[in-house]
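Got a predicted model here, sequence first, then my questions.
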Amino acid sequence: MDYFAYKNEQLFAENVALEDIAKKFGTPCYVYSKSTIERHWHAFNNAAGNQPHLICYAVKANSNLAVLNVMAKLGSGFDIVSGGELSRVLKAGGDPSKVVFSGVGKTPEEIAFGLEQGIKCFNVESRSELARINQVAESLGKKAPISIRVNPDVDAKTHPYISTGLKDNKFGVEREQAIEIYQYASSLPFLNVVGIDCHIGSQLTDIAPFVDALDILLALIDELAEHGIQIKHLDVGGGLGVTYDDEEPPHPDQYTQAIAQRLAGREELMLIFEPGRAIMANAGVLLTKVEFLKQGAEKNFAIIDAAMNDLLRPALYSAWQNIIPLNAALPREKAIYDVVGPICETGDFLGKNRELAIAPEDYLAVRSAGAYGFAMASNYNSRCRAAEILVDDEAVHLVRKRETVEQLFENEFIPR
Ligand SMILES: Cc1ncc(COP(=O)(O)O)c(C=O)c1O
Ligand SMILES: N[C@@H](CCCC[NH3+])C(=O)O
């Protein structure tokens with residue numbers, strides 16, 4: 001069942017007409033479907049079979065407290081990349097003992113915060129980070145659980161900006177150096193080596209690179225065992241793609257099964273997944289209103305009230321996201337439009353060459369906007385960030401108010 005679907009030519013989220021939300025809360029606004037989040041999360045969680053496993057949702061994809069709370073209630077773990085994200089997880093009712101902390105630049109304060117909260121593991125990205133974590137742990141009289149992010153050097157075949165598992169990326173440590181770095185970690189008295197992890201990129205539409213990376217990590221786990229280093233958990237990262245247009249990525253359950261099956265005979269190894277996009281992208285839409293239609297010499301433009309500051313993916317990655325009317329019954333003539341925002345940048349578009357039957361004041365939905373949508377929003381051009389709404393069957397919850405102009409400059413001062 002699709003939780004964003006037309007009923008009598010009106011686009012719905014679960015059992016609420018999106019046009020009613022647009023009129024009540026204004027546009028631009030993000031709308032998320034609670035059932036979709038739950039269904040996607042369960043698809044990962046149910047497919048791992050008997051392999052002990054933990055789903056650590058990648059908070060960066062969408063960190064709204066209500067979204068995190070939906071997953072916390074399911075018993076989810078979380079993958080975080082900052083102290084700010086850890087605070088959000090705690091505030092949303094998440095269990096810190098199910099938190100893994102990724103990222104190349106953890107500060108001493110962030111490491112201390114993670115240790116004090118008793119997180120499950122630090123996913124360490126360099127030798128110098130090991131030394132820093134050891135030092136902070138010593139100062140707190142604690143032992144820090146660590147995993148090392150190994151860069152398996154496989155080509156994820158995705159957009160270069162979101163490919164992370166190649167040798168020339170800033171992430172993780174090289175496979176050739178992994179054993180030596182693990183030995184160094186084992187020698188540090190305030191570290192407890194518990195895991196190994198990788199993350200090769202985002203929006204992958206094929207299982208093969210995941211399995212290639214997994215095989216490299218499994219071989220490393222065996223090699224580490226020969227050196228007396230026992231790995232208790234294997235974290236395969238996130239990265240599973242979704243359908244924005246005509247991509248056909250494997251379903252979360254196919255992907256999870258393929259990974260779990262590869263671990264046959266290693267029932268003692270805990271498997272961790274860090275999905276972000278695959279849970280959230282198609283659980284959300286961005287609602288926007290047409291302000292003007294403009295005929296240029298070569299092109300037609302639909303100028304809408306959402307912009308690159310609300311949804312950066314088209315401008316940053318030339319990403320394609322479907323744009324559809326909320327009311328498909330309106331009598332309109334079709335034309336081809338570039339769908340653009342009000343920001344003073346040529347790159348400010350949400351779609352190019354889209355066939356739409358629209359008029360000013362009509363509402364549109366940008367689909368697949370639940371991941372890396374609001375999370376990457378900014379205040380560029382002093383635009384207030386959008387409202388966020390969570391739909392649960394027939395219930396509509398405002399889960400983030402639209403920002404106000406006063407909030408835009410509340411931290412600023414004019415010197416005397
Ligand atoms: C370490 C790590 N884990 C998980 C994710 C989530 O990725 P995705 O949203 O593609 O599942 C990311 C982002 O790409 C990441 O950097
Ligand atoms: N923000 C990116 C994905 C990067 C994932 C972060 N590691 C996107 O919108 O597709």
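Arrived safely, thanks for sending. Numbering: from 1, shown residues only. Ligands and ions are numbered 1, 2, ... in the order given.

Find the nearest non-adjacent residue to the spatially most central residue of the chain, please.
What sits nearest the mean C-alpha location of the chain, by C-alpha atoms, centre = their mean, is A61, with 2.1 Å. Distance criterion C-beta to C-beta, 6 or more residues apart in numbering; nearest residue to A61, sequence neighbours excluded, is G276 at 3.2 Å. Heads up, the C-betas are built off the backbone N, CA and C, glycines and all.

on that earlier part again, the residue nearest to the centre of the chain against N282, yeah?
No. Judged on C-beta atoms under 8 Å, A61 makes no contact with N282 at a distance of 11.7 Å.

overlap in contacts of these two?
By the contact definition C-beta atoms under 8 Å, 6 or more residues apart in numbering, A61 and N282 are jointly contacted by G370.

what's the neighbour count on the residue nearest to N62 when sequence neighbours are not counted?
Ranked by C-beta to C-beta, 6+ apart and with sequence neighbours excluded, the top spatial neighbour of N62 is M280, at 4.5 Å. Residues near M280, counting by other C-beta atoms under 10 Å, number 30.

doesn't L286 fall inside a strand?
Yes. Counting by DSSP: H, G, I helix; E, B strand; the rest coil, L286 falls inside a strand.

quick one on the thing from earlier: my guess is the residue nearest to N62 contacts K34. True?
No. If you go by C-beta under 8 Å, M280 and K34 don't touch, sitting 11.8 Å apart.

I'd like to know how many residues surround T27.
Around T27 there are 22 residues (other C-beta under 10 Å).

Give me the local confidence score for it.
T27 carries a pLDDT score of 98 in this model.

I believe it is in a strand; please confirm or correct that.
No. Residue state for T27 (three-state DSSP) corresponds to coil; a strand is not indicated.

do stretch 186-200 and ligand 1 meet?
Yes. For stretch 186-200, a contact with ligand 1 is found by C-beta under 6 Å from any ligand atom, at H199.

CA atoms of that stretch as PDB?
What follows is stretch 186-200, C-alpha atoms only, in PDB (Å, rounded to 0.1, in the frame of the first residue of the first chain):
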ATOM      1  CA  SER A 186      44.100  -2.800  21.300                       C
ATOM      2  CA  SER A 187      47.300  -1.400  22.900                       C
ATOM      3  CA  LEU A 188      45.500   1.700  24.200                       C
ATOM      4  CA  PRO A 189      44.400   1.100  27.800                       C
ATOM      5  CA  PHE A 190      41.100   3.100  27.800                       C
ATOM      6  CA  LEU A 191      39.700   1.600  24.600                       C
ATOM      7  CA  ASN A 192      37.700  -1.500  24.200                       C
ATOM      8  CA  VAL A 193      37.700  -2.900  20.600                       C
ATOM      9  CA  VAL A 194      34.300  -4.200  19.900                       C
ATOM     10  CA  GLY A 195      33.400  -3.700  16.200                       C
ATOM     11  CA  ILE A 196      34.300  -3.100  12.600                       C
ATOM     12  CA  ASP A 197      32.300  -0.800  10.300                       C
ATOM     13  CA  CYS A 198      32.000   0.600   6.800                       C
ATOM     14  CA  HIS A 199      29.800   2.800   4.800                       C
ATOM     15  CA  ILE A 200      30.500   3.000   1.100                       C
END
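
Packing partners of the biggest helix by length in the chain?
In the chain, taking DSSP state H as the definition, the longest helix is helix 208-226. For helix 208-226, the elements it packs on are strand 144-151, helix 175-187, strand 191-197, strand 233-235, helix 252-262, judged by 3 or more C-beta pairs under 8 Å, 6 or more residues apart in numbering; DSSP states H and E.

From the chain's centroid, how far away is that helix?
For helix 208-226, the separation from the chain centroid amounts to 25 Å (computed by C-alpha atoms, centre = their mean, to the nearest Å).

how about it, does it reach ligand 1?
No. Using C-beta under 6 Å from any ligand atom, helix 208-226 stays clear of ligand 1, coming no nearer than 11.2 Å.

In that helix, which residues are buried?
209-214, 216-218, 220-221, 224 (16 or more other C-beta atoms under 10 Å).

likewise stretch 268-283?
Across stretch 268-283, burial judged by 16+ other C-beta under 10 Å covers 269-283.

ok, the residues you listed vs S126, which is closest?
For the buried residues of stretch 268-283, the closest approach to S126 (C-beta to C-beta) belongs to E274, at 19.0 Å.

Double-check G114 against E85; I have them as touching.
No. Assessed by C-beta under 8 Å, G114 is found out of contact with E85, at 10.6 Å.

Neighbour count: these two, which is higher?
Using other C-beta under 10 Å, the more surrounded residue of G114 and E85 is G114, with 25 against 22.

SS state for that one?
If you use three-state DSSP, then G114 falls in the helix class.

Also F78?
Put simply, F78 is strand when judged by three-state DSSP.

For ligand 2, what's the nearest residue on the stretch 251-400 of the chain?
Y372 (3.0 Å; C-beta to the nearest ligand atom).
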